[in-house]
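Undergrad: 3D, please:
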Amino acid sequence: MNGSIIFNESFVFIAMVVVAIVLGIVGVVVIKSLKKEKQILKTTTTQSSSDTKITLEDLIIIVSDKKSSKEEVAKAVLYFIQKFPFPPKTGDRVPSNAIAYLKFISLVASHKKSDAKLISYMTNELDKLYFDYVSEIEQYKNIGLRSRI
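TA: Next comes the predicted model:
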């Protein structure tokens, strides 16, 4: 009888150890799957926020806000150069929808956090991309610079 009690106690102990190991493995699997779901959720959130369409008006709001930081203005300039092609000129005339683009240039040049390097970079890049607008870009840059005084 003593042998069977020892056998039963050791059997129960082994069963408890096996159950503890199985529960531990299940817990690890559940935790890892939750972390993957969080990463997927973060990726989806990032993608949906980057899918938001930024308009020229949004960029104008950023550069016309005197509280915008140098980094915000610089990001707006980079985004403007990359995503907003100027409308083609009709002969020698600037189309009316191009005025907002030129206004952006003036606002960047007049912003107190814009430095010479950023303004020079913006005008040089725009001059390369839109050689038809070189004189207008220069003119609106100068308007912005004069308003800084």
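Undergrad: CA atoms for contacts and neighbours, from now on please.
TA: Will do.
Undergrad: immediately after the helix or strand of the chain with the lowest mean pLDDT, which helix or strand?
TA: Per-element confidence for the chain was summarised using mean pLDDT, DSSP states H and E. The lowest value among helices and strands belongs to helix 2-50, with a mean of 66. Next in sequence after helix 2-50, counting helices and strands by DSSP states H and E, comes helix 56-64.
Undergrad: pull the CA atoms of stretch 97-113 into PDB?
TA: Below are the C-alpha coordinates for stretch 97-113, written out as PDB (Å, rounded to 0.1, in the frame of the first residue of the first chain):
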ATOM      1  CA  ASN A  97      -4.200  78.500 -59.900                       C
ATOM      2  CA  ALA A  98      -0.400  78.900 -59.800                       C
ATOM      3  CA  ILE A  99      -0.800  82.000 -57.500                       C
ATOM      4  CA  ALA A 100      -1.200  79.700 -54.400                       C
ATOM      5  CA  TYR A 101       2.100  78.000 -55.300                       C
ATOM      6  CA  LEU A 102       3.900  81.300 -55.500                       C
ATOM      7  CA  LYS A 103       2.200  82.400 -52.300                       C
ATOM      8  CA  PHE A 104       3.700  79.400 -50.600                       C
ATOM      9  CA  ILE A 105       7.200  80.500 -51.700                       C
ATOM     10  CA  SER A 106       6.600  84.000 -50.400                       C
ATOM     11  CA  LEU A 107       5.300  82.600 -47.000                       C
ATOM     12  CA  VAL A 108       8.400  80.400 -46.600                       C
ATOM     13  CA  ALA A 109      10.700  83.200 -47.400                       C
ATOM     14  CA  SER A 110       8.900  85.500 -44.900                       C
ATOM     15  CA  HIS A 111       8.800  82.900 -42.100                       C
ATOM     16  CA  LYS A 112      11.000  83.900 -39.100                       C
ATOM     17  CA  LYS A 113      12.200  80.300 -38.700                       C
END
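Undergrad: can you give me the buried ones in that stretch?
TA: 101-113 (16 or more other C-alpha atoms under 10 Å).
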